[in-house]
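*Asks:* quick one, what's the 3D model for this:
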Amino acid sequence: MKVLGILGAQRKDGVTAKMLAAVFQGIATDNTTEVIYLEDFALKADVPGTANPELDLIESKMRESDVWVLAAPTYWGSLSGRLKNLFDCLRQRLVRFDHTGTMHPASFKNKHYISLTNCYTSSFENMICGVTDASLRLCDKVMSAAGVIKIGEAVVTGTWGMETLTPKKKKECLDLGHKINRIRRRDDQTVKRYFELFFMVAVMALITMLLQKACASFIPLDNFWFNYLSFTVIFFILLASMLHFVTFMKHKRH
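*Replies:* Reported below is the predicted structural model:
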């Protein structure tokens, strides 16, 4: 298996590079690894009839790899320009477009990826405000469109003046490297997601019924329509809250 690290930082020896190196330390030696530093490339989008050798080179390395480790800092509350520029330039190659312009996974489908980012913001502020969320969501959006499967992500906060990763963060990155060793080349998680959905619905239905019983003193549950209406309203509130949490709070922030 081949693992490709894509470093979209301004420095080859900064915190982002150290996160990437820590992930690679956890990868078994029987796998092949390589890192490309985006600052070494003058990337541009394809122009019909014009050669684009640097983008061709990066695309070929991504095509040859089974796992991509996307490493880029968070600047101004979003993904660094280097990695974002790569996504923009590769847009026509990562996906295929149908006659309506809708994107569909193409030749990169079922590869895997890891997202790494960091910021100057403190752990507490990042936890409350989600400063790094936009960076991680952008990676997820692009990879999802391309049909690439997520392995995990890591965030380092408070990086102002940081020279080395804390033992906790280094271990977190190492663990991601170990996860790479356990992946399959093709990974259909449809059945797993159905089980997760069933468990989520079952738990919410149970909580809804318990809340109904708690409100039995002022809700006439023996009346079918009151019972149905109260169940629907409570279930909807729980479902909306859970979806909000999954959508906006799922990324690592510490």
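*Asks:* identify the residues contacting A146.
*Replies:* A146 makes contact with L94, V95, P105, A106, F108, K109 under the criterion Cβ atoms under 8 Å, 6 or more residues apart in numbering. Yep, even glycine has a C-beta here, placed from its N, CA and C like the rest.
*Asks:* looking at the residues you listed, which is nearest A22?
*Replies:* The closest of these to A22 turns out to be F108 (Cβ to Cβ; 25.2 Å).
*Asks:* in which helix or strand does the closest one reside?
*Replies:* Element membership for F108 (DSSP states H and E) is empty, with no helix or strand holding it.
*Asks:* so what pLDDT did it get?
*Replies:* On the pLDDT scale, F108 is placed at 96.
*Asks:* same question, K44
*Replies:* The per-residue pLDDT reported for K44 equals 94.
*Asks:* ok, L79 next?
*Replies:* For L79, pLDDT reads 96.
*Asks:* could you check how many residues crowd around it?
*Replies:* Counted with other Cβ atoms under 10 Å, the neighbours of L79 add up to 26.
*Asks:* sorry, back to before: from the contacts of A146, list just the buried residues.
*Replies:* Buried by 16 or more other Cβ atoms under 10 Å: L94, V95, P105, F108, out of the contacts of A146.
*Asks:* can you pull out the helices in the stretch 101-250 of the chain?
*Replies:* Per DSSP state H, counting those that start in this stretch, the stretch 101-250 of the chain carries helices over the ranges 123-129, 133-146, 167-182, 190-214, 224-249.
*Asks:* contact partners for G26?
*Replies:* The contact partners of G26, by Cβ under 8 Å, 6+ apart, come to C173, L174, D175, L176, G177, H178, I180, N181.
*Asks:* looking at the residues you listed, state which has the most neighbours.
*Replies:* Within the contacts of G26, C173 tops the neighbour count with 25 neighbours, counted by other Cβ under 10 Å.
*Asks:* just the pLDDT at that residue, thanks.
*Replies:* With respect to pLDDT, C173 scores 97.
*Asks:* repeat for the one 3 residues further on
*Replies:* Per-residue confidence (pLDDT) for L176: 97.
*Asks:* contacts for stretch 33-47?
*Replies:* 2-10, 12, 20, 24, 27, 52, 54-55, 57-58, 61, 65, 82-83, 85-86, 88-89, 91-93.
*Asks:* so where's the stretch 101-250 of the chain uncertain?
*Replies:* Across the stretch 101-250 of the chain, the ranges flagged by pLDDT under 70 are 184-190, 244-250.
*Asks:* and with 80 instead?
*Replies:* Within the stretch 101-250 of the chain, the segments meeting pLDDT under 80 span 184-193, 196, 216-221, 242-250.
*Asks:* re earlier: which of the contacts of A146 sits closest to V69?
*Replies:* Ranked by distance to V69 (Cβ to Cβ), those are led by F108 at 14.8 Å.
*Asks:* surely that closest one touches L94?
*Replies:* Yes. F108 lies in contact with L94 (Cβ atoms under 8 Å); the separation is 6.1 Å.
*Asks:* follow-up on the earlier one: which of the helices of the stretch 101-250 of the chain sits most buried?
*Replies:* The highest mean neighbour count among those, using mean count of other Cβ atoms under 10 Å, belongs to helix 133-146: a mean of 20.
*Asks:* list the beta-bridge partners for T117.
*Replies:* Applying DSSP bridges to T117 yields these beta-bridge partners: V155.
*Asks:* tell me the contacts of it?
*Replies:* T117 makes contact with 16, 71-74, 79, 132, 135-136, 153-156 under the criterion Cβ under 8 Å, 6+ apart.
*Asks:* from M127, how far off is it?
*Replies:* Distance, T117 to M127, using Cβ to Cβ, to the nearest Å: 15 Å.
*Asks:* next one: A21
*Replies:* 26 Å.
*Asks:* repeat that for M209.
*Replies:* On the measure of Cβ to Cβ, M209 and M127 end up 33 Å apart.
*Asks:* next one: A216
*Replies:* Counting by Cβ to Cβ - A216 and M127 are separated by 38 Å.
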